[in-house]
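> here's a sequence, model it:
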Amino acid sequence: MPLLVLARHAHTVPAIDAGTNDFDRPLSDAGLAQARRMGEFLASAAVPGTREIDTVIASPALRTRTTAEVAAGLLPASPAVQTDEPLYGGWIPDWAEALVTIPADSAGALVVGHQPTVSAVVAHLTDGGDGDSSPRFPPSSIAVFRLEDWAHLGAPDIAGAARPELIRHFKDQPRA
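Residues are numbered from 1 along each chain as shown. This next block holds a predicted model:
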């Protein structure tokens, strides 16, 4: 049963301090530590199957790419991070299109994006919600779904396709 991990990027430098546009905002020092804790947790197999993640997709924005690269670098497979343009600024249908690009033989996938879309996708996968019933999803949060197979995500409507096995925030938590 493949594992899908949806994640929000880690904490960023405030836009006013970044001296750059939103797309190129970097992670803060705290955000880099959060991304490491996320990767360590996934590599620890605290949730069975997370060590087998072999596909990583992220929005092309700097903060999501960095979060994904740091976390993926701690996984046994050290999968390369693929970027998907619609994950930056996209909504549920854009994410559904990104999810169907996950290879059928992938043991697990980590998909890193932005708010409010990440929590809206979690709510939509869970119960068909459109974001109003979204779980709280601060920076560096994950939702872990165990799927029957990846084909469920290829359906025209992914509403209610899975239930989260775990939702975890890495903001002020000790290392796994």
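
> burial count for Ile102?
Counted with other Cβ atoms under 10 Å, the neighbours of Ile102 add up to 21. Quick note: C-beta positions are derived from backbone N, CA and C, even for glycine.

> what's the first helix or strand after the helix or strand of the chain with the lowest mean pLDDT?
When the helices and strands of the chain are scored by mean pLDDT, DSSP states H and E, helix 15-18 comes last with a mean of 77. Next helix or strand after helix 15-18 toward the C-terminus (DSSP states H and E): helix 29-44.

> can you show me the strands along this protein?
Using DSSP state E, the strands of the chain run over residues 3-8, 55-58, 81-83, 108-113, 141-146, 164-169.

> hey, which of the ones you listed is tucked in deepest?
Highest mean neighbour count among those (mean count of other Cβ atoms under 10 Å): strand 108-113, with a mean of 27.

> helices and strands around that one, which ones?
strand 3-8, strand 55-58, helix 62-73, helix 92-99 (3 or more Cβ pairs under 8 Å, 6 or more residues apart in numbering; DSSP states H and E).

> for Asp29, which of those is the nearest?
The closest of these to Asp29 is helix 62-73. By Cβ to Cβ, the value is 12.1 Å.
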